[in-house]
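> only geometry, no sequence info:
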C-alpha cells in the first residue's frame, strides 16, 4: 500500500498483482492495476472470495479507471 494523490485528495492505494498474497475482498477503496493483470474483475483473483459480492468484470482498458458497481472500489490502470 502507498499514498497517492487522486482527484486532488491523498488516498491509500493497493496494487493488484499476482505477486501479493490473497487479501480480503474490497478492504481498500483504490487499487492500481497493471495491463498484465487484465482482464479486471472485482473481486480480483488476489482476493479471498468467501465473503464478497458476485464477480463482475470491469472494462478498465477503455477509460483507464473503473468503479465496482457492488462495493464502490476504484481501480486505476497503471502504465508499466
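Everything's here; your move. Here the structure is a predicted model, which is why all the values come from computation and not from measurement.

> next structured bit after the lowest-mean-pLDDT helix or strand in the chain?
Between all helices and strands in the chain, the lowest mean by mean pLDDT, DSSP states H and E belongs to strand 23-24, at a mean of 56. Per DSSP states H and E, the first helix or strand lying C-terminal to strand 23-24 is strand 30-34.

> so which elements touch that following strand?
Applying 3 or more CB pairs under 8 Å, 6 or more residues apart in numbering; DSSP states H and E, we find strand 30-34 packed against strand 2-6, strand 9-16, strand 74-78. Yep, even glycine has a C-beta here, placed from its N, CA and C like the rest.

> for the first one, the averaged confidence score.
When pLDDT is averaged over strand 2-6, the result is 60.

> what do you get for the longest one?
Per-residue pLDDT values over strand 9-16 give a mean of 61.

> again with stretch 51-63
Across stretch 51-63, the per-residue pLDDT values average to 90.

> residue 79 versus residue 36, what's the distance?
Distance, residue 36 to residue 79, using CB to CB, to the nearest Å: 11 Å.

> is residue 31 in contact with residue 74, as I believe?
Yes. Counting by CB atoms under 8 Å, residue 31 touches residue 74, with 7.2 Å between them.

> who's more crowded, those two?
Shown here are residue 31 and residue 74; by other CB atoms under 10 Å, residue 31 has more neighbours (25 against 18).

> tell me what that one is bridged to.
When bridges are taken as DSSP bridges, the partners of residue 31 come out as residue 14, residue 75.

> which residue packs closest to residue 65, ignoring adjacent ones?
residue 76 (5.3 Å; CB to CB, 6 or more residues apart in numbering).

> now the one you found: how far from residue 50?
For residue 76 relative to residue 50 (CB to CB), the value is 26 Å.

> please apply the same query to residue 38.
Counting by CB to CB, the gap from residue 38 to residue 50 is 25 Å.

> looking at residue 76 and residue 50, which is more packed in?
Taking other CB under 10 Å, residue 76 and residue 50 do not tie; residue 76 has more neighbours (17 against 6).

> doesn't residue 34 make contact with that one?
No. Using CB under 8 Å, residue 76 makes no contact with residue 34, being 10.6 Å away.
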